[in-house]
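Chemist: Let's see this in three dimensions:
(2 chains)
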Amino acid sequence: MKVTVRYFGAIAEKVGKTEEELDLSVIGSDFQDFKNHCLSSYHIEDDGTLQIAINQELGLQRSLQAGDEIAFLPPFAGG
Amino acid sequence: MISSYTRYRRQIKLPEVGQEGQQKLAQAKVLLVGVGGLGCPAAQYLAAAGIGTIGLLDHDKVDETNLHRQILFGLEDVGSYKAEAAKKALHRINDQVEIKTYNFGLSVDNSTDLFNAYDVIVDGTDNFQTKYLINDAALKTDKPWVYASIFKFEGQLSVFNYQNGPSYRCLFPKAPQEDMNCEETGVLGILPGIFGVYQATEVIKIILGIGEVLSGKLKIIHTLTMQERIISFKRVEERIAAITNKALALESINCSLINESKTYLDVRELHEQPQPDNKNIIKIPLTELASRYEEIPNSTDIHVYCQSGIRSVKAINFLREQGFNNLINVEGGIQSILK
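Modeler: Numbering: from 1, shown residues only, chains lettered A, B, ... in the order given. Reported below is the predicted structural model:
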């Protein structure tokens, strides 16, 4: 029940890595619970701007499945 | 002057371009909002490719710290308006391109008129407020815009409002409080170079009508690992309607001061973000301080801040010479006094 989590932008900095494998049998497959688990593990406050993609697609919010890739995408504005 | 055919022969040779495509490029009008790390490489390739009219909009002047990534500029340009210096450099590459310069920033008042005069908008900005303004003005004027943003070693690319595709607000509906720009986080010059050139590529695809334009997709590249992802997202009608149904306005970046009762002097330029909403903030940019310092009271303690604590020291040194002895420097800059 492994999934791959990818972190981008300032989130990757706070997490200290750009990707990791997590086990759904430990965390559960509910999307919101999973998101909260990742954020709270790294003491990241959700200011409502963070977007999360499942298998490279935004706006799904479905239950997670083994093999999914979950991407945490914060907006940034440098140029 | 070399003939157009000779100059563009190598790209005309591509069946996807041809004489007809070259003609389309010559008739196209592209506006670059921001002529910095992204805007310079984008403008360079667009001019070289033979875009007929290029608009360059930037309020800023060339600074020595720009030179490692804003590759149209040289030492002799330091202190000149970026748009003017870029025009000179672009004409050296291609004197057949018409270049219009706008030495001011994008605003609610000027954006729709400007956008109406162009076919495609390129985002070379470094702050959320202007990106949302580009997005909203592009929606109002029905223009596609090519977005890029960078953070340290990572960049994002997308095309918004292209043939009824999603907008920036469909991807990121809400602006974060914090604007982190290259000045504060640092950046390798190469990164905006890569993304500016990607932006120019999308512009040319849009004009020629070739390939698959990156609409509804966000391309992300991390240059330290060279890992890439393309993330799909959909148009969200209510977010689009929320913009098209109301007058154009600046996105407010919500933030407030830890201590609302202190008196502050903000010496940043007026466009700099974030801007806490508080009546106890006196706003006089460092550049105007010499002519406006009499507006500052010397009866109460005043905490002077800028973005990072450097300009505020300069302001305090100047004001002390004018007899002020009630000034306290905010060493950590604006972020250190926000909630």
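Chemist: Run through who's touching stretch B:332-339.
Modeler: Under the criterion CB atoms under 8 Å, 6 or more residues apart in numbering or on different chains, residues B:177-178, B:255-259, B:264, B:266, B:268, B:274, B:276, B:303, B:305-309, B:312, B:330 lie in contact with stretch B:332-339. (C-beta placed from N, C-alpha, C; glycine too.)
Chemist: Where helices are concerned, which of those residues count?
Modeler: residue B:312 (DSSP state H).
Chemist: buried subset of the contacts of stretch B:332-339?
Modeler: With burial judged by 16 or more other CB atoms under 10 Å in any protein chain shown, the buried subset of those is B:177-178, B:255, B:257, B:264, B:266, B:268, B:274, B:276, B:303, B:305-309, B:312, B:330.
Chemist: wait, what's in contact with residue 69?
Modeler: Reading this off chain A. For residue A:69, counting by CB under 8 Å, 6+ apart, the contacting residues are A:3, A:4, A:5, A:6, A:54, A:55, A:56.
Chemist: I was after chain B.
Modeler: When contacts are taken as CB under 8 Å, 6+ apart, residue B:69 is in contact with B:36, B:37, B:40, B:182, B:187, B:188, B:189, B:190, B:191, B:192, B:193.
Chemist: what's around the first one, how many residues?
Modeler: Counted with other CB atoms under 10 Å in any protein chain shown, the burial measure for residue B:36 works out to 25 neighbours.
Chemist: Same question for the third one.
Modeler: Neighbourhood size, residue B:40 [other CB under 10 Å]: 28.
Chemist: and what of the second one?
Modeler: Using other CB under 10 Å as the criterion, residue B:37 is surrounded by 29 other residues.
Chemist: With residue B:234 instead?
Modeler: Close neighbours of residue B:234, defined as other CB under 10 Å, add up to 13.
Chemist: again with residue B:238
Modeler: 9.
Chemist: Does it belong to a helix, a strand or coil?
Modeler: Following DSSP: H, G, I helix; E, B strand; the rest coil, the label given to residue B:238 is helix.
Chemist: follow-up on the earlier one: from the buried ones among the contacts of stretch B:332-339, pick out the ones that also neighbour chain A.
Modeler: The overlap between the buried ones among the contacts of stretch B:332-339 and the neighbours of chain A (CB under 8 Å from any CB of the partner chain) comes to residue B:177.
Chemist: Around chain B, pick out the residues from chain A.
Modeler: A:6, A:8-10, A:12-13, A:18, A:47-49, A:51, A:53, A:56-59, A:71, A:73-79.
Chemist: can you list contacts of the longest helix seen in chain A?
Modeler: Ranked by number of residues, the top helix in chain A under DSSP H is helix A:31-41. Identification of contacts with helix A:31-41 by CB under 8 Å, 6+ apart yields A:5, A:22, A:24, A:27-28, A:44-46, A:52, A:54, A:60-64, A:70, A:72.
Chemist: Can you turn the buried part of those into a ChimeraX selection?
Modeler: Buried residues among those (16+ other CB under 10 Å), as a ChimeraX selection:
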select /A:5,22,24,27,44,52,54,64,70,72
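Chemist: now, which of the contacts of helix A:31-41 lie within strands?
Modeler: The strands, defined by DSSP state E, take in A:5, A:22, A:52, A:54, A:70, A:72 from those.
Chemist: tell me the contacts of the second one?
Modeler: Contact criterion CB under 8 Å, 6+ apart gives A:2, A:3, A:5, A:34, A:38 as the residues in contact with residue A:22.
Chemist: Check the last one and give its pLDDT.
Modeler: Going back to what we said before, that points to residue A:38. We have a pLDDT of 96 for residue A:38.
Chemist: Repeat that for the third one.
Modeler: Note on residue A:5: pLDDT of 97.
Chemist: Show me what the closest residue to it other than its chain neighbours is bridged to.
Modeler: Leaving out its chain neighbours, the residue that sits closest to residue A:5 by CB to CB, 6 or more residues apart in numbering or on different chains is residue A:70, at 5.0 Å. On the basis of DSSP bridges, residue A:70 is bridged to residue A:5, residue A:54.
Chemist: hang on, isn't residue A:70 packed against residue A:8?
Modeler: No: Residue A:70 is not in contact with residue A:8 according to CB atoms under 8 Å; the separation is 11.5 Å.
Chemist: circling back: only the buried subset of the contacts of residue A:22, as a ChimeraX command please.
Modeler: Selection of buried members from the contacts of residue A:22 for ChimeraX, criterion 16+ other CB under 10 Å:
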select /A:3,5,34,38
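Chemist: out of the contacts of residue A:22, which one sits closest to residue B:234?
Modeler: Using CB to CB, residue A:34 comes nearest to residue B:234 of the contacts of residue A:22, at 21.7 Å.
Chemist: ok, now how distant is the closest one from residue B:231?
Modeler: Distance, residue A:34 to residue B:231, by CB to CB, to the nearest Å: 18 Å.
Chemist: Same question for residue B:174.
Modeler: Separation of residue B:174 from residue B:231 (CB to CB): 17 Å.
Chemist: Show me which of those two is the more surrounded one.
Modeler: A direct count of neighbours by other CB under 10 Å for residue B:174 and residue B:231 places residue B:231 higher, at 21 against 16.
Chemist: mind checking which helix or strand that one is in?
Modeler: If you go by DSSP states H and E, residue B:231 is part of strand B:227-232.
Chemist: Then residue B:134?
Modeler: Assigned by DSSP H and E, residue B:134 falls within helix B:128-141.
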